[in-house]
Each structure stands twice: as C-alpha cells, then as structure tokens.
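Student: just the structure for this:
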Amino acid sequence: MQSTRTLKDRIFLVIKGLAMGAANKVPGVSGGVVAFVAGFYEEFIYSLQRVNNKAFKLLFNGRFKSFYRYINGKFLSLLFLGMIVSYFSISKVLDYLIVNYQLYVWSTFFGMILGSIYYINKDFKQWNQKTITALILGAAVGISISFLDPATENDNLFFVFFCGIISVSGMTLPGFSGSFILILLGNYVLLLVDSVNALYDTLFDIISGDFSFWQDQARMRMLKVLGVFTLGSVTGLVTFSHILNYILHHYKNITLATIVGFIIGSLGVVWPWKETIYKTNSEGAFILDSTGEQVIANYQRFLPELNTQTYIAIAYIVLGIFIILGLEWYGQRTRQVKNK
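Tutor: Now for the predicted structure:
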C-alpha cells in the first residue's frame with residue numbers, strides 16, 4: 001500500500017509540473033500560483049534554496065547520492081520533468097487553444113486566479129495596517145505592469161541571460177507572470193517560441209540521423225540563445241529561492257499579503273474581454289516578428305455585452321474557480337495523509 005501511494009504521489013508531482021510549465025507559458029498566468037494552491041510552494045522554495053555551497057561541495061566530491069538527497073532531488077526532478085514535457089506538449093495545445101478559443105481560455109484562467117485569491121485569503125488572518133499596505137502595493141505593481149508597452153526584440157546574449165533571470169519570477173513569485181514579463185521585454189516570441197521550436201527541430205533531426213543543422217547558422221544561433229536563457233533561468237530560480245526563503249521566514253505575513261496583491265493585479269492581464277493592439281511603424285504598417293506574426297503592443301480591455309458568448313465565458317470562469325478548489329481539496333487531502 002505504501003509503494004502504491006508513493007507511485008501515485010510521483011505521478012501527481014509530474015502532473016503538477018505539467019501544470020506549472022503550462023501556466024508559465026501563458027502570458028498573465030503564474031506557475032507559482034499552481035504551486036501555492038496545490039500546497040507544495042514552500043517545499044518548492046525550500047528545495048531550491050538547498051542548491052547552495054554545501055550542495056556543490058557534495059557534487060564536486062563525487063557524493064552524488066548525498067547531493068541528490070540534500071537538494072530533495074526526487075521532488076525537484078519529477079517536478080521539472082513535468083515542466084519540460086509540458087513545454088513540448090501541453091503548452092503547444094494551449095498555444096492552439098489561445099489562438100482559436102481565446103475568450104474561453106482567458107475566462108478559465110481568470111476564474112483560476114479568482115479561485116487562487118479566495119484560497120490564499122481564506123486562511124490568512126493577519127490583516128493589519130502593514131499587511132493591507134503590502135496588499136495594495138502588490139496590486140498596484142501588478143496592475144501597472146499589465147498596462148506597460150512591450151519593448152522590441154533583442155537577442156543580445158547578456159540581455160537574454162537577464163530575461164532568463166527575470167522570467168523565472170513566475171515560478172517563484174505567485175501572481176508574477178514570467179511570460180508576460182518577457183512580452184514587456186520584447187523577447188517572448190524569441191525565447192518561448194523560436195528558440196524552443198529550434199530545439200524541437202534539432203531533436204527531431206538528431207533522431208532522424210540528420211546532422212546538417214550544424215551548418216545552419218540561424219539554428220545554431222537560436223540554440224545558443226536558448227542555452228543562455230536556460231542558464232539565466234536556473235540562476236534566477238536559485239537566487240530568487242534563497243531570497244524568498246529568507247523573506248518567508250522573517251516576514252511571512254507581509255510576503256503573503258504582497259503575493260495576494262500581485263495575484264489581484266494580474267487579473268488585469270488575463271481579463272477575458274480585450275482586443276489585441278499590434279505595433280505599427282511610422283507608415284502605419286504592422287511590425288512583424290521573426291515568424292511573420294504581428295507584434296503585440298498591448299490590449300484594449302472592455303466590458304462585454306450580455307449574449308450567449310458572454311454567458312459561456314462566465315461558465316468557463318466558474319470552471320476555473322472549481323479547478324482551483326479541486327487543487328485545494330487535493331492539497332489538503334495529501335497533507336492529511338502525510339500527517340497520519
């Protein structure tokens with residue numbers, strides 16, 4: 001019975017990784033919210049901050065098993081496995097759904113964020129002047145970010161490394177969408193579309209026995225960009241985890257209030273009823289990215305008319321709320337089993 005439960009826990013951990021990876025890919029949605037609501041956020045941050053000097057000493061001394069246990073390797077490896085698989089599977093499905101069913105996808109995410117706000121707030125009893133101020137400041141920052149205009153694409157490797165550090169904030173800081181930050185930095189398509197597609201094509205070529213991509217300068221440039229971006233992401237992940245672990249330990253209530261504020265602020269990004277505004281040049285022509293797609297400048301949000309489409313969208317909002325409530329139920333059930 002114990003082994004069956006362990007296997008089930010592993011499977012669910014991979015599924016959580018899939019959910020985090022998919023959430024990180026969608027602008028406006030934070031993978032950290034998934035971790036927070038599913039009940040493994042603090043373990044996630046704790047495990048990441050174990051990647052420290054002691055861990056590297058164990059690694060360099062060849063004590064691989066001790067290193068693996070010290071950093072909670074089973075937890076992290078299964079979680080990251082789910083995230084990696086997500087980038088080549090679920091995130092592709094999400095890309096398709098956003099293009100073809102944009103209103104309903106955004107409605108579902110809007111409902112999930114509403115459910116997340118309820119989940120975090122219902123057990124938080126430390127509201128006072130400091131925490132309310134932190135809440136307001138967090139919401140103000142989140143809302144302000146949603147109305148910023150994106151920059152232009154920049155493949156300078158130093159900037160790409162910086163993008164990796166910043167984009168990973170969505171995994172460690174609930175309510176802060178790393179993918180939306182990449183849109184603001186101008187590198188969403190470059191780093192989460194072009195470079196990932198280049199890796200996918202390269203893996204396919206290797207499996208097919210075709211190594212001619214070595215001569216493709218554009219492909220090799222994209223792979224180099226992806227490598228630098230990944231290195232920046234790992235650096236940011238470990239750095240943020242150490243900072244957040246310290247803050248959560250010493251200023252937990254203020255941190256939680258700020259996180260609620262960030263999540264409230266992110267509602268502006270995922271508001272379902274919006275029209276996309278595309279960038280144009282001085283002659284009024286649309287600016288295209290490297291894939292030939294029009295470059296997004298921002299969104300124009302509006303209140304919907306009451307019609308069948310709106311009622312369906314509202315139903316998807318309710319569905320999003322129930323998804324979070326389901327995650328909450330599973331998280332509580334898991335914790336009760338572990339405590340027995």
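
Student: now the helices: where do they sit in the stretch 201-340 of the chain?
Tutor: Secondary structure of the stretch 201-340 of the chain by DSSP state H, counting those that start in this stretch: the helices cover 217-250, 252-270, 308-339.

Student: could you give the number of residues near Leu103?
Tutor: 16 (other C-beta atoms under 10 Å). From N, CA and C alone the C-beta is placed, and that goes for glycine too.

Student: and it, what is it in contact with?
Tutor: Listed by C-beta atoms under 8 Å, 6 or more residues apart in numbering, the contact set of Leu103 reads Pro272, Trp273, Gln309, Ala313.

Student: isn't there a helix covering it?
Tutor: Yes. Counting by DSSP: H, G, I helix; E, B strand; the rest coil, Leu103 falls inside a helix.

Student: any idea how far Leu81 is from it?
Tutor: Separation of Leu103 from Leu81 (C-beta to C-beta, to the nearest Å): 32 Å.

Student: same question, Val225
Tutor: Counting by C-beta to C-beta - Val225 and Leu81 are separated by 23 Å.

Student: likewise Lys125?
Tutor: 37 Å.

Student: neighbour-wise, which of the two wins?
Tutor: Neighbours per residue (other C-beta under 10 Å) separate Lys125 from Leu81, with Leu81 holding more: 16 against 7.

Student: against Leu18, how distant is the more buried one?
Tutor: As judged by C-beta to C-beta, Leu81 and Leu18 stand 9 Å apart.

Student: where does pLDDT dip in the protein?
Tutor: 1-6, 27-28, 90-92, 95, 149-151, 170, 175, 278-299, 327, 330-340 (pLDDT under 70).

Student: can I assume Arg88 is in contact with Tyr200?
Tutor: Not quite, residue 88 is Phe, not Arg. Yes. Contact criterion C-beta atoms under 8 Å: Phe88 and Tyr200 qualify, at 6.4 Å.

Student: list residues touching both of these two?
Tutor: Contacts common to Phe88 and Tyr200, judged by C-beta under 8 Å, 6+ apart, are absent.

Student: can you tell me the element the closest residue to Phe322 other than its chain neighbours falls in?
Tutor: Among residues not flanking Phe322 along the chain, Gly115 sits closest, at 7.5 Å (C-beta to C-beta, 6 or more residues apart in numbering). Using DSSP states H and E, Gly115 sits in helix 102-122.

Student: what's the angle from that helix to helix 252-270?
Tutor: Put simply, helix 102-122 runs at 170 degrees to helix 252-270, going by axes from the mean of the first three to the mean of the last three C-alpha atoms, to 10 degrees.

Student: would you put the C-alpha positions of helix 102-122 in CSV?
Tutor: Extracted C-alpha coordinates of helix 102-122, given in CSV (Å, rounded to 0.1, in the frame of the first residue of the first chain):
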residue,chain,number,x,y,z
GLN,A,102,-9.1,33.0,-26.9
LEU,A,103,-12.1,34.3,-24.9
TYR,A,104,-12.8,30.9,-23.2
VAL,A,105,-9.1,30.2,-22.4
TRP,A,106,-8.7,33.7,-20.8
SER,A,107,-12.0,33.2,-18.9
THR,A,108,-10.8,29.9,-17.4
PHE,A,109,-7.5,31.5,-16.3
PHE,A,110,-9.4,34.5,-14.9
GLY,A,111,-11.5,32.1,-12.8
MET,A,112,-8.4,30.2,-11.7
ILE,A,113,-6.9,33.5,-10.4
LEU,A,114,-10.1,34.4,-8.6
GLY,A,115,-10.1,31.0,-7.0
SER,A,116,-6.4,31.5,-6.0
ILE,A,117,-7.2,34.8,-4.3
TYR,A,118,-10.0,33.1,-2.4
TYR,A,119,-7.8,30.2,-1.5
ILE,A,120,-4.9,32.3,-0.1
ASN,A,121,-7.2,34.8,1.7
LYS,A,122,-9.5,32.3,3.4
